[in-house]
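In: Provided below are the primary sequence and the corresponding predicted coordinates.
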Amino acid sequence: MFELLDERLVAGLGSRAAYYSDSRACLVVVQRGWSRAEYRVVADDSGSNVEFVLLDISRSQRERGRFTGARMIETAPALFERMLRELRLRLE
């Protein structure tokens, strides 16, 4: 699962994104603009568990009292679930 996730995320990168992938830790980090997304694949008895964390790293925007990524936060869970469904289909 890690290799598929890594392949999928690197393919969707834009020129303004920073990307880090560590296959030993099964961790992928994508950072762009105000957000940092972390994906970790953890093996378990039934296969793999994929963890997803979305962080707001826009300190300057928060100091002004603005939250810039509300829409992204709202849609992130559904987009993550859709990506996992597509990756599972590729494994079958």
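Out: Noted; the coordinates are in hand.
In: got any ranges where the chain has weak pLDDT?
Out: Across the chain, the ranges flagged by pLDDT under 70 are 59-70.
In: can you pull out the helices in it?
Out: For the chain, applying DSSP state H gives helices covering 2-11, 59-63, 70-91.
In: Can I get those helices in a markdown table including mean neighbour count and distance to residue 47?
Out: C-beta here means a position set from N, CA and C on the backbone, and glycine is covered the same way. Supplementary listing: the helices of the chain in a markdown table, determined by neighbours: other C-beta atoms under 10 Å; distance: least, C-beta to C-beta, whole Å:
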| stretch | mean neighbour count | distance to residue 47 |
| --- | --- | --- |
| helix 2-11 | 15 | 12 |
| helix 59-63 | 11 | 38 |
| helix 70-91 | 12 | 9 |
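In: For those helices, could you give me JSON lines that also reports distance to residue 45?
Out: Below are the helices of the chain laid out as JSON lines (distance: least, C-beta to C-beta, whole Å):
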{"stretch": "helix 2-11", "distance to residue 45": "17"}
{"stretch": "helix 59-63", "distance to residue 45": "40"}
{"stretch": "helix 70-91", "distance to residue 45": "17"}
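In: ok, what's across the strand from residue 53?
Out: With DSSP bridges applied, residue 53 shows beta-bridge pairing to residue 38.
In: likewise residue 42?
Out: Per DSSP bridges, residues listed as beta-bridge partners of residue 42: residue 49.
In: From residue 3, how far off is it?
Out: Noted for residue 42: a distance of 15 Å to residue 3, by C-beta to C-beta, to the nearest Å.
In: For stretch 6-25, what is the distance to the chain centroid?
Out: The chain centroid and the centroid of stretch 6-25 are separated by 9 Å, computed with C-alpha atoms, centre = their mean, to the nearest Å.
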